[in-house]
Every structure is written in C-alpha cells, then in structure tokens.
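*Asks:* Got a sequence here, can you build the structure:
(one chain, ligands or ions: 2)
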Amino acid sequence: MKIFAYGIREDEKPSLKKWEAANPNVEVGYTDNILTADSARLAEGCDGVVTLQTAPYTREALEVLSKLGVHNISIRNVGFDNFDFKDLNDLGFTLTNVPVYSPNAIAEHTVLLMGRLLRRVPEFDEKFDHGDFTWAPTIGKEYREQTVGVIGTGHIGRVVIQILQGFGAKVVAYDVYHNPEIEKQGLYVDSLEELYKQADIITLHVPLFDSNKYMINDKAIAQMKNGVYIINCARGELIDTDALIKGLDSGKIAGAGLDVLDNENAVFGKVWSSVDNIPDAKIKNLAKRTNVIITPHSAFYTETAIYNMITTAFDSNKALNQGEKPHNIVDTNPN
Ligand code: NAD
Ligand code: COI
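*Replies:* Ligands and ions are numbered 1, 2, ... in the order given. The predicted model follows:
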C-alpha cells in the first residue's frame, strides 16, 4: 500500500517516522507543499492521501486525484470546512478527519487568551518595553467575577468549561445539541440572545457552516454586554471583522483574543517583520491594538496534538485503503 502526504512539516517528521516504523508494509511519500492541482500529481500510484491545510481544497486538485484513481483522503485535523462536499461527492471521495486529537490544546489556549486579556498582559508588555514598571492604569479582572458564554459544547467547548470552572468562573452555554453532562449542571441557556445578554466573555467553539458564517455581526454585538470580551479559537469566518472593529472602536467590545481570522490565509504562516507590513487592512487594524491578541491559528500546536494528528490520520487512511470503514469517516451528505 502507498500513501502520499501533503503539507508535512519538520515538527511532524518524528511522529511520521514512528508511524512508518510501526507500519512497514505501507510505503509513505510526502511533500511540504499543500494539496493543489499541481502537487496532486505526486500521488500517482498511491492508494490514498493524507493532508493538512487551511487553504481551500480546490475542485481542480480533487479532479487530478480522482483521475489518478486516488479517492481516499484523510485530513490530519478536525475542521473540514475548506472542502466543498459537492466536489467530494461528485468525484467519489471518502474523507476522514481527526475529530479528537487534543481538545485540551485548543481549550488551554482559549483560556490563556482570556486570562491575558483580563490581566491586560499586552498592555503590561508594552509598558515593560518602555521601562515602565508601574501598576496603573492596567488594573485587571478576576475569572471568578466573570460569566463566560461558551458557544458550542463539543469536545473543545467542554474542556474550556472544565478549566474555567477550575478558575471559579460562572459558565453559561449554548449548543444546538445538549450534552448530558453540561445539561446536568444546568449551564445551557435557550438562545444565543440570552447568552449574549449574560456573558462578560464570549468564546466560540462551533464548526463553520454556510448558516453560521459571520454569526458575530453588528446585530449580535448589539445584544452583548458593554465591555464584552470575544474569543475565537474556532474559525475566522464566524466573526464579521468589520463589526468587530466597530465594536472595539466604540468600546462596546473591551478586547478580543483571536486565533483565527477571516482571510487569515493571506497573513498567517508568513513572516511580515512588522505589523505595518501585514497585507490585510482589517487584520492590520486589529494587530495594532493592545486590547486584541492575535495568534496564528496555533491553538492546536502542541507536541501531543501533532503526534495524535499524524497517527490517527495515517491509521485512518490505511484503514480506508484496506476497504475498512473507520469511525471517523466524515458524513458528506448531512441531513
Ligand atoms: P465538536 O464537533 O466536538 O463540537 C462542536 C459543537 O458545536 C457540537 O456540540 C455541535 O452540536 C455544536 N454546534 C454545531 N453547530 C452549532 C450551531 N450553529 N450553534 C451552536 N452549536 C453548534 O468540535 P470541536 O472538536 O469542539 O471543535 C470545534 C471547532 O473548533 C472545529 O469545528 C474547528 O473549526 C475548531 N478548531 C480549531 C482549532 C485551532 O487550532 N484553532 C483546532 C481544532 C478545532
Ligand atoms: C483543526 O484541527 O480544525 C484546526 O483548526 C487546526 C489547524 C491546523 C487546521
């Protein structure tokens, strides 16, 4: 069996070597390039491909794979919003993801972003850079005084709740599906409006669909408390950046912690040397603020996560190539 992998980074190679050693009957080829119509040709003669990218998977790339007879794709991450299901179905692909590689990685990052905003760390850092070791005016807030609204109580949202409860924060939650554990604790509110009304901090942990693109828009922000903090470690397109900037300008939003951004592919993964050189005007606007923390879609980026992403994705692809049906096949015909 032959598997070809795209977007392989140096930090993934030790995990990949371990997987190869444990699976001597599988021949693995790889490139550091992402999957495009050009690089798709590298999978000639292979049974399946393993990929990871935040850029869209184009129909042209999938057509090349399909012509080569490669129809099993295993992504090394959770979110599959960068695939068009119609393309996958038209061309006969089976897709697996890694639904749970380390929810703690993303949840810890989420709560750290909140904590850095609450204790005004970027502002202290800026003062420090000027040799200013004073307290005022950068007075902080404590978690136990905050009501945190968690939108999405899946694998990541639930770990976020656990960690926040350890800090003594009050949690309210919203999800279209009610998890029994969270239900038992009585944390669910009936509507997003209710969550917006109660929450001092709002954190997003839902997948991106056409139906929730820009769910955090002018209308939603108007329903939030004055001085709300917004955290997004899910997908950038859940937030309308114009509305976020307006909210920050007016003071309605006190700060934001953003691991993902609309149009992040134009900016993340490259070195700009200075925020002045960021080519996206809206992201540059956000990056210049001391009450906004941006991280480059790195919430997932831990040693544990990388090992699990590689191992599960390659195991899944091997299973597909053997004609098995692993539990993590993505349903490309929902409803
Ligand atoms: P999950 O599938 O376990 O949970 C998602 C939850 O959202 C589910 O409980 C589901 O019922 C709920 N949901 C779906 N649509 C909803 C809606 N419209 N309103 C309210 N709730 C809704 O997923 P997860 O593992 O918790 O991951 C959540 C998201 O985090 C992923 O889809 C991905 O986009 C993002 N993610 C980001 C990173 C990162 O590095 N920043 C890493 C992994 C995942
Ligand atoms: C995911 O797993 O969905 C992520 O957002 C991580 C990223 C490397 C694509």
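
*Asks:* now residue 106: how far from residue 232?
*Replies:* Distance, residue 106 to residue 232, using CB to CB, to the nearest Å: 11 Å. The way it works is simple: take the backbone N, C-alpha and C, and place the C-beta from them, glycine included.

*Asks:* hmm, I was thinking of residue 21
*Replies:* Separation of residue 21 from residue 232 (CB to CB): 38 Å.

*Asks:* repeat for residue 136
*Replies:* Separation of residue 136 from residue 232 (CB to CB) stands at 30 Å.

*Asks:* In terms of neighbours, single out the busier of these two.
*Replies:* The residue with more neighbours, out of residue 136 and residue 232, is residue 232; 26 against 5, by other CB atoms under 10 Å.

*Asks:* For the more buried one, name its beta-bridge partners.
*Replies:* In this entry, residue 232 is beta-bridged to residue 204, residue 258, by DSSP bridges.

*Asks:* For the stretch 1-150 of the chain, which segments are assigned as strands?
*Replies:* Assigned by DSSP state E, counting those that start in this stretch, the stretch 1-150 of the chain shows strands spanning 2-5, 27-30, 48-51, 72-75, 94-96, 147-151.

*Asks:* Same list, the ones you listed, but as a markdown table with distance to ligand 1 and mean neighbour count please.
*Replies:* As requested, the strands of the stretch 1-150 of the chain are arranged in a markdown table below (distance: least, CB to the nearest ligand atom, whole Å; neighbours: other CB atoms under 10 Å):
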| stretch | distance to ligand 1 | mean neighbour count |
| --- | --- | --- |
| strand 2-5 | 19 | 24 |
| strand 27-30 | 22 | 16 |
| strand 48-51 | 15 | 26 |
| strand 72-75 | 11 | 27 |
| strand 94-96 | 14 | 22 |
| strand 147-151 | 6 | 24 |
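
*Asks:* Tell me which of the ones you listed lies nearest to residue 236.
*Replies:* strand 147-151 (15.0 Å; CB to CB).

*Asks:* helix or strand right after that closest one?
*Replies:* helix 155-166 (DSSP states H and E).

*Asks:* Tell me the helices and strands packed up against that next one.
*Replies:* Contacts defined by 3 or more CB pairs under 8 Å, 6 or more residues apart in numbering; DSSP states H and E place helix 155-166 against helix 103-118, strand 147-151, strand 170-174, helix 180-184.

*Asks:* out of these, deepest packed?
*Replies:* strand 147-151 (a mean of 24; mean count of other CB atoms under 10 Å).

*Asks:* now that strand against strand 170-174, angle please.
*Replies:* Per axes from the mean of the first three to the mean of the last three CA atoms, to 10 degrees, the angle that strand 147-151 makes with strand 170-174 is 20 degrees.

*Asks:* quick one: contacts of strand 147-151?
*Replies:* The contact list for strand 147-151, computed with CB atoms under 8 Å, 6 or more residues apart in numbering, reads 114, 157, 160-161, 164, 169-175, 187, 192, 195-196, 198-206.

*Asks:* How about the residues of the stretch 101-250 of the chain by ligand 1?
*Replies:* 103, 106, 151-157, 174-177, 205-208, 212, 233-235 (CB under 6 Å from any ligand atom).

*Asks:* Weed out the non-buried ones from the residues you listed.
*Replies:* By neighbour count, with 16 or more other CB atoms under 10 Å, those hold 103, 106, 151-157, 174-175, 205-206, 208, 212, 233-235 as buried.

*Asks:* of the residues you listed, list those near ligand 2.
*Replies:* Answer for these near ligand 2: none qualify (CB under 6 Å from any ligand atom).

*Asks:* so where do the helices sit in the protein?
*Replies:* 13-22, 59-67, 85-90, 103-118, 121-129, 155-166, 180-184, 192-198, 218-222, 241-250, 281-287, 303-321 (DSSP state H).

*Asks:* Low-confidence stretches in the stretch 51-200 of the chain?
*Replies:* Counting by pLDDT under 70, the stretch 51-200 of the chain contains no low-confidence segment.

*Asks:* Ligand 2 contacts on that one?
*Replies:* Counting by CB under 6 Å from any ligand atom, the stretch 51-200 of the chain sits next to ligand 2 at 52, 54, 77-79.
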